[in-house]
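In: When you get a sec, could you give me coordinates for this:
(one chain, ligands or ions: 2)
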Amino acid sequence: MPNMRKTKILCTLGPATESAEVILNLMEKGADIFRLNMSHASHDWVRMVYGRIREAAAKGAKEISVLMDLTGPSIRTGDVEQPWQLQVGDWVEFRCKPDVAATVPLSVTVNYPELGKDLHVGDIIMVDGGMIQIKATEISEKRVIGTVLTQGEMKSRRHINLPGVPVRLPPLTQKDYADLDLGCELGVDYFALSFAREPAHIQHLQLLLEQKGSKARVIAKIENQQALQNIDTLVEASGGIMVARGDLGSECPIEDLPLIQRHIVERCSYHGRKVIVATQMLESMIENPVPTRAEVTDIFNAVIEQVDCVMLSGETSVGRYPEKCVEVLDTVIRRIEQKYPSGRFASDAPLKTNKHKTVKAAILLANSIPNSKLLVFTLRGVMAHLLAHQRPEFASIFAFTPNLHVSRTLVTARGVQPFVLAFEEGNPEKAIRDAIEMLRKHGHIKAGDPLVILSDALYDGINVDAILLRDA
Ligand SMILES: Nc1ncnc2c1ncn2[C@@H]1O[C@H](COP(=O)(O)OP(=O)(O)O)[C@@H](O)[C@H]1O
Ligand SMILES: C=C(OP(=O)(O)O)C(=O)O
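Out: Residues are numbered from 1 along each chain as shown. Ligands and ions are numbered 1, 2, ... in the order given. This is a model prediction of the structure:
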């Protein structure tokens, strides 16, 4: 019987992983969600890759979720023709508007027109997650010139961080609006908003999506101090949170980063929202075929925190060993989950409604019956998400829904294996029989396994939440 992995694997696709063959391989090795990073991807590329993802998912008979990551108010450099090999003492110019002329050889645009207004002479500009540090020496409204303090390579579209500076960029830029139209047209399952700062920004984006007929939920990327100050309201306003450790590590003291991760995970558990831990999980594997000991221990930490998903970025978008990275994540996660199946982060979550209490009762039942499985019948996915948020100790969650989009969104939830199943309300016995048959066929259950079945969707005309206990 397959041992289900509960923590989901999210892979960023890029030049290293754009072919149909590699996408299929990543999926077969364990990728559950693919991320398209709009800071780098062109619309033509997204269309091409999206088609390949859906074809691979159909071929591999696996549900796959797609997350479109919007650039939002991130500050980035523009393109450089060739990567720059920066040396200490080099002068670099950041041009605040595209039509400003270059005055030094190493000159690049920046997508933030206010850069010259926000900086003071002597301020440090952190480029590419702080890998390159540049001290501002000459500032005007049109351009900022600085001296390189740390040598390094600078490629196109690198992050610029100005720790603690409230950025005067709107929550969504013109580029984001065009990108989200494409995402809605294609039918992506999630949109992530970079540098989410206030709950109103998330609500605005969610409303916009609804107006465009998209059912996608918004994931708020927590990347700076302003977001941390608003963490509870951001968590409540969003469908989930990404702990974007790349930018967080530049915007906050690095020694605070593990504490911030733990705090965000706890707040997500409390409010019953999804949480993704992102960035540098296997950074060394961009170049090397094996992980460092510290990386394996970082994965351990995220699994013990019972996060929903762990994410790969450069490892799979540009790295040399993308498939190996997924294999390593899959193996390490399975090992940790086998040894430590249960956790404690969800136990403080308040049971706000009767539905929360019913779900809790089903989990208590499953926790107390060895080898039991949780089955949930769900139209909109609500009950299945609630089950995942309350983190059953041992039992896997098998979710059945007639809705393809709901099934895809459930891929991101910890411990949930979704199935599309057309079931008639008012005929619970048939729906349960069909579901058991499906699970048997996939080798997830055998005759006699105890099943805890939860549903708010099977009883025609009466709005009942039901818990059934029976054997497979
Ligand atoms: N769709 C893409 N096309 C080209 N390059 C990409 C794409 N997606 C990611 N990359 C490259 O992979 C690197 C790592 O990916 P990611 O972490 O998503 O980017 P970033 O940290 O710049 O937001 C990026 O800096 C970029 O160089
Ligand atoms: C995931 C992150 O965002 P981006 O892709 O913008 O680097 C991060 O900063 O960790």
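
In: how about the closest residue to ligand 1 within the chain, what does it touch?
Out: In the chain, no residue comes nearer to ligand 1 than residue 313, which is 2.9 Å away by CB to the nearest ligand atom. Yep, even glycine has a C-beta here, placed from its N, CA and C like the rest. When contacts are counted by CB atoms under 8 Å, 6 or more residues apart in numbering, residue 313 touches 12, 35, 37, 246, 278, 279, 280.

In: Please apply the same query to residue 189.
Out: Per CB under 8 Å, 6+ apart, neighbours of residue 189: 65, 66, 67, 216, 217, 405, 408, 409, 411, 412.

In: 10 Å - rerun?
Out: Neighbouring residues of residue 189 by CB atoms under 10 Å, 6 or more residues apart in numbering: 33-34, 63-68, 183, 214-217, 404-412.

In: likewise residue 366?
Out: Per CB under 10 Å, 6+ apart, neighbours of residue 366: 372-375, 387, 392-397, 450-452, 454, 467, 469.

In: In helices only, show me those residues.
Out: In this view, the contacts of residue 366 that belong to helices under DSSP state H are residue 387.

In: Would you quantify the distance from the residue of the chain closest to ligand 1 to residue 414?
Out: Remark: distance between residue 313 and residue 414 (CB to CB, to the nearest Å) = 20 Å.

In: Check which helix or strand the residue in the stretch 151-300 of the chain positioned nearest to ligand 2 maps to.
Out: Closest contact between the stretch 151-300 of the chain and ligand 2, by CB to the nearest ligand atom, is at residue 246 (2.9 Å). Per DSSP states H and E: residue 246 is located in helix 245-251.

In: Could I get the buried residue list for that helix?
Out: 245, 246, 247, 248, 249, 250, 251 (16 or more other CB atoms under 10 Å).

In: repeat for stretch 149-158
Out: Buried-residue list, stretch 149-158, by 16+ other CB under 10 Å: 152, 154, 157, 158.

In: Let me know the closest of those to residue 200.
Out: The closest of those to residue 200 turns out to be residue 157 (CB to CB; 27.7 Å).

In: Next, the contact list for the closest residue to that closest one other than its chain neighbours, please.
Out: Spatially, and ignoring its direct neighbours in sequence, residue 157 is nearest to residue 76 (5.1 Å; CB to CB, 6 or more residues apart in numbering). Residues near residue 76 by CB under 10 Å, 6+ apart: 39-40, 108-112, 127-128, 156-160, 194.

In: quick revisit: what helices and strands are in contact with the helix holding residue 246?
Out: strand 124-127, strand 160-161, strand 217-222, helix 225-229, helix 257-271, strand 274-278 (3 or more CB pairs under 10 Å, 6 or more residues apart in numbering; DSSP states H and E).

In: what's the first one in contact with?
Out: With contacts defined as CB under 10 Å, 6+ apart, strand 124-127 is touched by 75-77, 86, 92, 94, 108, 110, 115, 119, 130, 132-136, 144, 146, 148-150, 152, 154, 158-163, 247, 249-251.

In: The helix or strand just after it and ligand 1, any residue contact?
Out: Note on strand 124-127: by DSSP H and E, the next helix or strand toward the C-terminus is strand 132-139. No - figure legend: strand 132-139 not in contact with ligand 1 (CB under 6 Å from any ligand atom); closest approach 13.5 Å.

In: now swap in stretch 247-258 and tell me
Out: No - using CB under 6 Å from any ligand atom, stretch 247-258 never reaches ligand 1; the gap is at least 8.5 Å.

In: For residue 257, the count of nearby residues, please.
Out: Using other CB atoms under 10 Å, residue 257 has 14 neighbouring residues.

In: Contacts only, for it.
Out: Residue 257 neighbours (CB under 10 Å, 6+ apart): 243, 245, 248, 249.

In: In which helix or strand does the first one reside?
Out: Looking back up the chat, that one is residue 243. Going by DSSP H and E, residue 243 is part of strand 240-244.

In: which other helices and strands contact that strand?
Out: Using 3+ CB pairs under 10 Å, 6+ apart: strand 240-244 touches strand 65-70, strand 190-193, strand 217-222, helix 231-237, helix 257-271, strand 274-278, strand 309-312.

In: mind putting these in a markdown table, mean pLDDT included?
Out: Formatted as a markdown table, the helices and strands packed on strand 240-244 follow (pLDDT from 0 to 100):
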| stretch | mean pLDDT |
| --- | --- |
| strand 65-70 | 98 |
| strand 190-193 | 98 |
| strand 217-222 | 98 |
| helix 231-237 | 97 |
| helix 257-271 | 96 |
| strand 274-278 | 98 |
| strand 309-312 | 98 |
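
In: Now restrict the contacts of residue 189 to buried residues only.
Out: Among those, the ones that count as buried by 16+ other CB under 10 Å are 33-34, 63-68, 183, 214-217, 405-412.

In: and ligand 2, which of those residues reach it?
Out: Answer for these near ligand 2: none qualify (CB under 6 Å from any ligand atom).

In: List the buried residues for stretch 257-277?
Out: 260-261, 264-277.

In: Residue 334: which of the buried residues of helix 245-251 is nearest?
Out: Using CB to CB, these come closest to residue 334 at residue 245, 23.1 Å.

In: From what I see, that closest one and residue 310 are in contact.
Out: No - the pair residue 245 / residue 310 is not scored as a contact, 11.0 Å apart, by CB atoms under 10 Å.

In: Which neighbours do the two have in common?
Out: 277, 278, 281, 298.

In: Skipping adjacent residues, who's closest to the residue in the chain sticking out farthest from the centre in space?
Out: Relative to the centre of the chain, the most outlying C-alpha is that of residue 103, 40.2 Å out, by CA atoms, centre = their mean. The shortest distance from residue 103 to any non-neighbouring residue, by CB to CB, 6+ apart, is to residue 93 (6.1 Å).

In: List the contacts of that neighbour.
Out: Contacts of residue 93 (CB under 10 Å, 6+ apart): 100, 102-110, 138, 143-146.

In: Go again with 7 Å.
Out: 102, 103, 104, 106, 107, 143, 145 (CB atoms under 7 Å, 6 or more residues apart in numbering).

In: Name the helix or strand for it, please.
Out: strand 91-95.

In: relative to strand 132-139, how tilted is that strand?
Out: Taking axes from the mean of the first three to the mean of the last three CA atoms, to 10 degrees, one finds strand 91-95 and strand 132-139 inclined to each other by 70 degrees.

In: Direction included, what does strand 91-95 pair up with?
Out: strand 107-109 (parallel), strand 143-148 (antiparallel) (DSSP bridges).

In: Show me how far the shortest one is from its chain's centre.
Out: Between the centre of strand 107-109 and the centre of its host chain there is 31 Å, according to CA atoms, centre = their mean, to the nearest Å.

In: So what's the model's average confidence on it?
Out: Mean pLDDT, strand 107-109: 96.

In: what's that strand in contact with?
Out: 77, 78, 80, 93, 94, 95, 98.

In: OK, contacts around the fifth one?
Out: Residue 94 makes contact with 108, 110, 115, 143, 144, according to CB under 7 Å, 6+ apart.

In: what's the closest non-adjacent residue to the first one?
Out: Taking CB to CB, 6+ apart, and ignoring the residues beside it in sequence, residue 108 has residue 77 as its nearest neighbour in space, at 4.8 Å.

In: ok so, going back, closest one to residue 188 among the strands paired with strand 91-95?
Out: Using CB to CB, the strands paired with strand 91-95 put strand 107-109 closest to residue 188, at 28.5 Å.
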